[in-house]
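Q: sequence and predicted structure are below.
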Amino acid sequence: MSHIIVWNSVDELIADHRQRGPITADYLLEDEPGHDQAFPPMLDAVTPPQARRLSFRDRLSPTMRDTLAFEHYEVRPCLERDHQVRSFQDDDAFDVERAIAQKEGRAFRVFWSLYGVDRNTATAIGDFVSKAAAHETMNAILAIPAAARNALQDQQTDTAANHNRFAQNARVAADWLDDMINQSSNLQRI
């Protein structure tokens, strides 16, 4: 039995390699290099981290690595008219379209959507009546990760006293994130 696997990126190839073990690769007949050429070395689990860019996905459990994971959030203006919604990444383009809709005199609706962005794909999370309301919700989502980041960034020197404080802040930051994750992923609340 033959299987053909095509990876979308080197990171996916490496993740697959780590999960399955050694991967054998072959060329399609028309792509085959000269027989005397060696197959380029493949990055594997022993490749030093400096040789590749680490991703937050490297720290996720295997079942979560390929699922939706928002890398960042965006608030975008939206215009609905004629039963069609258009989302704008650019406020100037939105202002132009809104002005056109007002001139036409037909019914339209304006709202703002909060999007989570994963691998350059935006997923709508919610719609809001104002830009401020969408930003308020986004900031609420980011509050605990921001506090954890701030706790870690507060300690930037290498003195022994600061090392202990940094370790304590790292534990506290990890606890905040752990509480957030656990409370969001099951029915148990603290």
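A: That came through fine. Numbering: from 1, shown residues only.
Q: and the longest helix belonging to the chain, what's buried?
A: Ranked by number of residues, the top helix in the chain under DSSP state H is helix 160-185. Residues Phe166, Asn169, Ala173, Trp176, Met180 are the ones in helix 160-185 that count as buried (16 or more other CB atoms under 10 Å). Just so you know, the C-beta spots here come from the backbone N, C-alpha and C atoms, and that holds for glycine as well.
Q: go through the residues you listed and say which is closest to Ile141.
A: Comparing the buried residues of helix 160-185 against Ile141 with CB to CB places Met180 closest, at 9.7 Å.
Q: ok, that closest one - contacts?
A: Ile144, Pro145 (CB atoms under 8 Å, 6 or more residues apart in numbering).
Q: how near is it to Ala134?
A: Using CB to CB, to the nearest Å, Met180 is found at 20 Å from Ala134.
Q: what is the burial count for Phe128?
A: 19 (other CB atoms under 10 Å).
Q: so what's it up against?
A: When contacts are counted by CB under 8 Å, 6+ apart, Phe128 touches Phe111, Trp112, Ser113, Leu114, Ala134, Thr137.
Q: what's the answer for Trp112, then?
A: Counting by CB under 8 Å, 6+ apart, Trp112 touches Val75, Arg76, Pro77, Cys78, Asp127, Phe128, Val129, Ser130, Lys131, Ala133, Ala134.
Q: biggest separation within these, which pair?
A: Pairwise distances across the contacts of Trp112 peak at 14.3 Å for Arg76 and Val129 (criterion: CB to CB).
Q: who has more neighbours out of the two?
A: For Arg76 versus Val129, neighbours defined as other CB under 10 Å are more numerous around Arg76 (20 against 11).
Q: so where's the chain uncertain?
A: Residues of the chain meeting the criterion pLDDT under 70: 1-53, 155-161, 183-190.
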